[in-house]
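*Asks:* Build me a model from this:
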Amino acid sequence: MTLVRRRLATGDTAEVTGAEEKGRPTLAVVTMKQLLESGVHFGHQARRWNPKMKRFIFMERNGIHIIDLQQTLTRVEDAYAFMRDLAGNGGQILFVGTKKQAQESIAEEARRGQMHFVNQRWLGGFLTNFVTIQKRINRLNELHERKERGDFATMPKKDALRLDDELLHLDRYFSGVRELKRHPSALFIVDPHREHIAVEEARRLEIPVVAMVDTNCDPDLIDVIIPANDDAIRAVKLICQKMADAIIEGRAMFDASRKEASPEDMGYAPATTAAELEGIGVPRAKRTPRVYEPEPEEEEEDVTADVDPEATTEIKTAEES
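*Replies:* The predicted model follows:
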């Protein structure tokens, strides 16, 4: 491990310089010391590796692959920027991690970032058959509302116990996605080798996947790769914490942009005023036709005053004949 620490320590400065040239912030998202202390660099046994992960492996020591933390450092910054931009645009991220080492960190950091999570079991068809999953989520919300209103106390004991069991069963699998109304914008997965069903469903729906990829995983299935140890509790907690920080920063940017937006940008008011419309010669709208109302009868006037007397005599003679 001394060789690994020495190699990574010498390459740390070069990486920071490269990040500055690419326009990244000078403040590091995560430091090399944090990665080493969390055990992010430990991979699986050499006989259990996936050959596609060769480019992320630094060396083999005592039959265990050592992950190149120099690449991990760069990939964490890329994933941080990706999650921040996605949250800044109003996107929703689903945290997925069902192994025991990741369940607590996934739930805690997802709640801190006000996002959704699945940490007990990934139900097949969660994304591809989302209509059915949404029905179960609605049923869970309905049972919660009924229990809060006190309906369980007014019904027979046997029925209340049955609904309580149903509530506990649904709450176990859907407690982290109660507010999920549509497909998430991206998935953050711990151990995609274990969560291969979630990865396949996301790829079928073209949903981006950000994942902690260990030496036994296939990196070609992941959009944003974070080569890291996904079996250590401290390593999982560190990466999840950084992703939650990125989401919080992105949400702050999103809220600030909504506050600064004018009514015209939000679509609440016309972009042009009435004076501008008259200036460009826009025709006025047609007026609503008025309903015909008969006018009151006027008194008959003496129209014979202006008539020639000879013409009047001729008319009378014609009538008599």
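
*Asks:* going forward, measure contacts and count neighbours with C-alpha atoms only.
*Replies:* OK.

*Asks:* Give the rounded mean pLDDT of stretch 120-136.
*Replies:* In this model, stretch 120-136 has a mean pLDDT of 93.

*Asks:* Compute the first-to-last residue distance for it.
*Replies:* 16 Å (CA to CA, to the nearest Å).

*Asks:* any idea how far it is from the chain center?
*Replies:* 17 Å (CA atoms, centre = their mean, to the nearest Å).

*Asks:* same check, this time on stretch 50-57
*Replies:* Per CA atoms, centre = their mean, the centroid offset for stretch 50-57 relative to its chain is 31 Å.

*Asks:* Quote the end-to-end distance of it.
*Replies:* End-to-end distance (CA to CA), stretch 50-57: 11 Å.

*Asks:* Would you map the helices across this structure?
*Replies:* For the chain, the helices defined by DSSP state H cover 2-21, 32-38, 69-88, 100-112, 130-149, 151-154, 157-174, 196-204, 233-260, 263-266, 274-279, 309-320.

*Asks:* between these, which gets nearest to Val213?
*Replies:* Closest approach to Val213 among the helices of the chain (CA to CA): helix 69-88, 10.1 Å.

*Asks:* returning to that earlier point: can you tell me which of the helices of the chain is packed in deepest?
*Replies:* helix 69-88 (a mean of 21; mean count of other CA atoms under 10 Å).

*Asks:* Retrieve the pLDDT associated with Tyr292.
*Replies:* pLDDT for Tyr292: 55.

*Asks:* Can you tell me the closest non-neighbouring residue to Arg121?
*Replies:* Nearest non-adjacent residue to Arg121, counting by CA to CA, 6 or more residues apart in numbering: Thr98, 5.8 Å away.

*Asks:* Would you confirm that the one you found contacts Ala107?
*Replies:* No. Judged on CA atoms under 8 Å, Thr98 makes no contact with Ala107 at a distance of 10.2 Å.

*Asks:* Between the two, which contacts overlap?
*Replies:* 118-119 (CA atoms under 8 Å, 6 or more residues apart in numbering).

*Asks:* contacting residues for the residue nearest to Arg121?
*Replies:* 118-122, 195.

*Asks:* Can you say which of those are buried?
*Replies:* Among those, those classed as buried by 16 or more other CA atoms under 10 Å are 118-120, 122, 195.

*Asks:* Show only the entries of the residues you listed found in strands.
*Replies:* Counting by DSSP state E, the buried ones among the contacts of Thr98 place Val118 in strands.

*Asks:* wait, which of the buried ones among the contacts of Thr98 is closest to Arg203?
*Replies:* For the buried ones among the contacts of Thr98, the nearest to Arg203 is Glu195 (12.7 Å; CA to CA).

*Asks:* residues in contact with the closest one?
*Replies:* 97-98, 122, 189.

*Asks:* Contacts for stretch 156-174, please.
*Replies:* 118-121, 136-137, 140, 143-144, 152-153.

*Asks:* now the residues you listed as CSV including distance to Arg112?
*Replies:* Shown next, in CSV, are the contacts of stretch 156-174 (distance: CA to CA, whole Å):
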residue, distance to Arg112
Val118, 15
Asn119, 15
Gln120, 18
Arg121, 21
Arg136, 25
Ile137, 21
Leu140, 22
Leu143, 25
His144, 22
Phe152, 32
Ala153, 34
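
*Asks:* Make CSV out of the contacts of Thr98 and add distance to Lys237.
*Replies:* Converted to CSV, the contacts of Thr98 look like this (distance: CA to CA, whole Å):
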residue, distance to Lys237
Val118, 16
Asn119, 14
Gln120, 17
Arg121, 19
Trp122, 20
Glu195, 18
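
*Asks:* Closest one of those to Arg47?
*Replies:* Nearest to Arg47, judged by CA to CA, of the contacts of Thr98 is Glu195 at 21.2 Å.

*Asks:* per-residue pLDDT, that closest one?
*Replies:* Residue-level pLDDT assigned to Glu195 equals 94.

*Asks:* Can you give me the distance of it to Ala81?
*Replies:* 24 Å.

*Asks:* same thing with Trp122?
*Replies:* Trp122 is 27 Å from Ala81, by CA to CA.
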